[in-house]
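Peer 1: with the input below, show me the fold.
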Amino acid sequence: MKRKLLLRRLKENGWYFKGHGTNHDFWTNGEVYKSIPRHNDISEWLAKNIIRIAKDNPRNYGV
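Peer 2: Numbering: from 1, shown residues only. Below is the predicted model:
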């Protein structure tokens, strides 16, 4: 999966960028943090796992 698509899916679930690490970016919904690798292509298994965590822990602001 392309990294841009994964980040778009995270944003749709209320996640936002928190900071940079050495090789990863950190995203959060305010309660749970997840590191996202800085590669153009992310393995399907990893991307699906990250999206599943994002959907299980949504953060809806006033919705």
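Peer 1: longest helix of the protein?
Peer 2: When the chain is parsed with DSSP state H, its longest helix is helix 44-56.
Peer 1: for that helix, which outside residues touch it?
Peer 2: Applying CB atoms under 8 Å, 6 or more residues apart in numbering, the external contacts of helix 44-56 come out as 1, 6, 9-10, 13, 15, 29, 32, 34, 36-37. For glycine as for every other residue, the C-beta is placed from the backbone atoms N, C-alpha and C.
Peer 1: residues in contact with the one residue sitting closest to the centre of the chain?
Peer 2: The centroid of the chain falls nearest to residue 10 when counting by CA atoms, centre = their mean (4.5 Å). Residues in contact with residue 10 (CB under 8 Å, 6+ apart) are 27, 36, 50-51, 54.
Peer 1: what subset of those is buried?
Peer 2: Buried by 16 or more other CB atoms under 10 Å: 27, 36, 50-51, 54, out of the contacts of residue 10.
Peer 1: now do the buried residues in the longest helix of the chain.
Peer 2: Within helix 44-56, the residues scored as buried using 16+ other CB under 10 Å are 47, 50-51, 54.
Peer 1: looking at those, spot the one nearest residue 23.
Peer 2: residue 50 (15.4 Å; CB to CB).
Peer 1: tell me how far that closest one lies from residue 40.
Peer 2: As judged by CB to CB, to the nearest Å, residue 50 and residue 40 stand 16 Å apart.
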